[in-house]
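In: A predicted structure for the sequence below; I have some questions about it.
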Amino acid sequence: MGQNFQMLVESFRRDGEQRLAAMEKALEAEDKEALRRQAHSLKGSSSNLGAVRVVDVCVALELAVSNRELGNVPVLLECLKQQFRQACTALQACLA
């Protein structure tokens, strides 16, 4: 994919960072629906790029919010940030 793949990876990183920031704000505001929507969207873009660990944490986050298990959300969000960073690092390595 060459240049297109590089643009896709950069877009994924930017979008993911924005979604993670939006999830933090939603958590602070106790806006469960916004948190769930952001996790769902990040899950989709992560799935498209094969970031399966990010997808798994997004699924767990969506389920926690849907099941009103909000005590788990801060830990899941931190895990999601870590998995997202690792996915970005792995995708960047593919560009080298």
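Out: Here it is on my side, so go on.
In: can we go C-alpha only for contacts and neighbour counts from here?
Out: OK.
In: show me the shaky parts of the protein.
Out: Under the criterion pLDDT under 70, the flagged ranges of the chain are 1-2.
In: please enumerate the helices of it.
Out: Along the chain, counting by DSSP state H, helices occupy 3-28, 32-49, 52-66, 73-95.
In: relative to Val54, how far out is the spatially most central residue of the chain?
Out: The C-alpha lying nearest the average C-alpha coordinate of the chain belongs to Leu42 (C-alpha atoms, centre = their mean; 4.3 Å). The span separating Leu42 from Val54 equals 8 Å under the rule C-alpha to C-alpha, to the nearest Å.
In: likewise Gln82?
Out: Using C-alpha to C-alpha, Gln82 is found at 9 Å from Val54.
In: have a look at these two and say which one is more surrounded.
Out: It is Val54, of Gln82 and Val54, that has more neighbours when counted by other C-alpha atoms under 10 Å, with 26 against 14.
In: residues contacting the more buried one?
Out: Residues in contact with Val54, defined by C-alpha atoms under 8 Å, 6 or more residues apart in numbering, are 43, 46, 80, 83-84, 87.
In: in TSV, list those residues along with distance to Gly71 and neighbour count.
Out: Conversion of the contacts of Val54 to TSV gives the following (distance: C-alpha to C-alpha, whole Å; neighbours: other C-alpha atoms under 10 Å):
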residue	distance to Gly71	neighbour count
Lys43	21	22
Ser46	25	21
Leu80	15	22
Gln83	20	19
Phe84	21	24
Ala87	26	22
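In: cheers, nothing more for now.
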